[in-house]
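Peer 1: I would like to see how this sequence folds:
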Amino acid sequence: MGEIRFISTATVAQRRKPSESTQRIDLNPWELRFVLLAPIQRGLLCRKPTQDQQMTNIIHHLKTSLERTLDLFYPLAGRLGTTVNGDDDTTCFFIDCNGAGVPFIHASADGVTVGDILDPVYVPRIVYSFFPLNETWNYHGVSEPLLAVQVTELEDGIFIGCTMNHVVADGTSFWHFFNSWSEISRGSDINISQSPVFERGFVPEANFPVRIPQSELVFGGFPSSSPTQERVFHFRKEKIAALKAKANAEKGTNQISSLQALLAHLWRSVTRNRRLREDEETVHAIAVGMRPRIDPPLPQQYFGAAIQGGRVKMKAGELLELSLGHTAWQINRIISTLNHVSATNFFESWAKNPKPISPVILTIGNVLMLSSSPRFNVYGTDFGWGRPVAVRSGGGNKFDGNITIFEGCEEGSIDIEACLSPATLESMVDDAEFMDVVSI
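Peer 2: Okay, the predicted model is just below:
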């Protein structure tokens, strides 16, 4: 497949400087946990606009609309700041809203078509090169941008890739920014549907600023591991509804959600096709949005990272011998424990004993790590020349067991981007129970 050719790079910054009172934003435990991990990388594949729209004009328009968007999302144009405390050998991190700017890269993938990205069984690795700041980690935000954008021309399409520091934002905030940028690009100027909220008043003042021991800031990356591949599995609305009905009927409840049933279905197939022993433990780690789960709820437009993790553990034998409903119910029960009380307890305990998530921890054992959500508005991100045809993620935080979930292109459908060993993915295709629910 073709190679990437870089055409230009510019720095885009907001036009208005923040007030002195909003120059610094302290970070809370939900956010600081991600300092050792990689940024969020998500991008949209679009058909190329009509011939009468010159690419130079499109690039100029995207840059100017990004500039206006950064007036609202001004922390993204800043950097991470640090305070090193010599008295106890700790470091405090905060967002320095200094307006240093956002790189905007214009590139071309000569000879590559939309079909070259969508048609292969496995996601082609050239997709990783559609994103900026590859091999960058969140802690690099002290000197590297918190957001970078790359617009890559294809023969018949455009890929808009964004890399955003995960300490600064979670998936909800990432897509809030992406949706707002497209809204302004379509002509809404500064009046977007939902302006971001940066207020952190819900965090007890005693937790600010969090002092992280230097011994916990072991910077590195993911350990060397076996090769992986990525495949996108598509699930239609009616198939998901059937899974949900089956799971609830098997457990005699109506509390299991569509997503919980689908995740249970995926987990069972991955476990079966990893060929685990019955007594081997397998873990499903799920990132849960906490905005509506605390009291009072955070506004949906709260900008930051407001997610908390839940871990469901089962022996492989139990997972496969018992029903889909049993597995889905275990997921349901763990998610139900994530509430205001658990959030308060987490904040207090983490502030006293800060332990950022290590990449090594994510890869230990037979894990599935879920990120993203089908609730994020992917296909409404229209920059003015039509809705996207697909969404893809970059190479950050990719390991055997990384699962990224998106809304599908049809209403009510879901896409799961599974990063697994080639042997596991090949075996899943021959798994009739799993593939019966997958739409090709």
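Peer 1: can you show me the CA trace of the helix-or-strand element of the chain with minimal mean pLDDT as CSV?
Peer 2: For the chain, using mean pLDDT, DSSP states H and E, the weakest element among its helices and strands is helix 359-362, scoring a mean of 79. Only the C-alpha atoms of helix 359-362 are listed here, as CSV (Å, rounded to 0.1, in the frame of the first residue of the first chain):
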residue,chain,number,x,y,z
PRO,A,359,1.0,-0.2,30.5
VAL,A,360,2.5,-3.4,31.9
ILE,A,361,-0.5,-4.0,34.2
LEU,A,362,-2.9,-3.8,31.2
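Peer 1: skip ahead from that helix and say which helix or strand is next.
Peer 2: strand 366-372 (DSSP states H and E).
Peer 1: adjacent strands (with direction) for the next helix or strand after that following strand?
Peer 2: Helices and strands here follow DSSP H and E; after strand 366-372, the next one along the chain is strand 390-393. Its sheet considered, strand 390-393 pairs with strand 40-47 (antiparallel) by DSSP bridges.
Peer 1: and the strand it pairs with with strand 366-372, angle?
Peer 2: In terms of direction (axes from the mean of the first three to the mean of the last three Cα atoms, to 10 degrees), strand 40-47 departs from strand 366-372 by 60 degrees.
Peer 1: what lies in contact with strand 40-47?
Peer 2: 114, 117-118, 127, 130-131, 156-166, 169-171, 174-175, 178, 372, 378, 381, 383, 385-386, 388-396 (Cβ atoms under 8 Å, 6 or more residues apart in numbering). In this view, the C-beta of every residue, glycine as well, is placed from N, C-alpha and C.
Peer 1: three-state assignment of residue 415?
Peer 2: Classification of residue 415 using DSSP: H, G, I helix; E, B strand; the rest coil returns strand.
Peer 1: so who does it touch?
Peer 2: 232, 233, 234, 235, 391, 405, 406, 407, 408, 409.
Peer 1: so what's it bridging to?
Peer 2: residue 234, residue 406.
Peer 1: and the host helix or strand of residue 115, what's buried?
Peer 2: Assigned by DSSP H and E, residue 115 belongs to helix 114-118. Using 16 or more other Cβ atoms under 10 Å as the test for burial, helix 114-118 gives 114, 116, 117.
Peer 1: and the contacts of whichever helix in the chain runs longest?
Peer 2: The residue-count maximum for a helix in the chain (DSSP state H) belongs to helix 55-72. Residues from elsewhere that reach helix 55-72 (Cβ under 8 Å, 6+ apart): 8, 10, 12-16, 49, 76-77, 102, 104, 106, 149, 151, 153, 158, 160, 177, 180-181, 184-185, 189-190, 192, 195-196, 383-384.
Peer 1: could you rerun that using 7 Å?
Peer 2: The contact list for helix 55-72 (Cβ atoms under 7 Å, 6 or more residues apart in numbering) reads 10, 12-16, 49, 76-77, 102, 104, 106, 149, 151, 153, 180-181, 184-185, 189-190, 192, 195-196.
Peer 1: against the centre of the chain, work out the most remote residue.
Peer 2: For the chain, the residue at maximal distance from the C-alpha centroid (Cα atoms, centre = their mean) is residue 87, at 36.3 Å.
Peer 1: Throw the buried residues of helix 114-118 into JSON lines and include pLDDT, thanks.
Peer 2: Converted to JSON lines, the buried residues of helix 114-118 look like this (pLDDT from 0 to 100):
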{"residue": "114", "pLDDT": "97"}
{"residue": "116", "pLDDT": "97"}
{"residue": "117", "pLDDT": "97"}
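Peer 1: let me know the closest of the residues you listed to residue 93.
Peer 2: residue 117 (36.1 Å; Cβ to Cβ).
Peer 1: against residue 406, how distant is the closest one?
Peer 2: As judged by Cβ to Cβ, to the nearest Å, residue 117 and residue 406 stand 15 Å apart.
Peer 1: tally of neighbours for residue 360?
Peer 2: Neighbourhood size, residue 360 [other Cβ atoms under 10 Å]: 13.
Peer 1: same check on residue 33?
Peer 2: Residues near residue 33, counting by other Cβ under 10 Å: 23.
Peer 1: give me phi/psi at it?
Peer 2: Per-residue torsions, residue 33: phi -60, psi -30 (degrees, to the nearest 10).
Peer 1: how about the contacts made by it?
Peer 2: Residue 33 neighbours (Cβ under 7 Å, 6+ apart): 356, 357.
Peer 1: mind listing what residue 97 touches?
Peer 2: Residue 97 neighbours (Cβ under 7 Å, 6+ apart): 18, 22, 23, 25, 74, 75, 78.
Peer 1: measure the closest residue to it other than its chain neighbours to residue 166 for me?
Peer 2: Once flanking residues are discounted, residue 97 sits nearest to residue 78: 4.3 Å by Cβ to Cβ, 6 or more residues apart in numbering. To residue 166, residue 78 is 15 Å away according to Cβ to Cβ.
Peer 1: cool, and residue 217?
Peer 2: Residue 217 is 16 Å from residue 166, where distance means Cβ to Cβ.
Peer 1: the two - which one has more neighbours?
Peer 2: Taking other Cβ under 10 Å, residue 217 and residue 166 do not tie; residue 166 has more neighbours (29 against 15).
Peer 1: if I've got this straight, the residue farthest from the centre of the chain is in a helix?
Peer 2: No - read with three-state DSSP, residue 87 is coil and lies in no helix.
Peer 1: who's in contact with it?
Peer 2: Contacts of residue 87 by Cβ under 7 Å, 6+ apart: none found.
Peer 1: show the model's pLDDT score for it.
Peer 2: Confidence at residue 87, expressed as pLDDT, is 91.
Peer 1: over to residue 364?
Peer 2: You'll see residue 364 listed with a pLDDT of 76.
Peer 1: filter the contacts of strand 40-47 down to the buried ones and hand me the ChimeraX line.
Peer 2: This is how ChimeraX selects the buried members of the contacts of strand 40-47, with burial counted by 16+ other Cβ under 10 Å:
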select :114,117,127,130,131,157,158,159,160,161,162,163,164,165,166,169,170,171,174,175,178,372,378,381,383,388,390,391,392,393,394,395,396
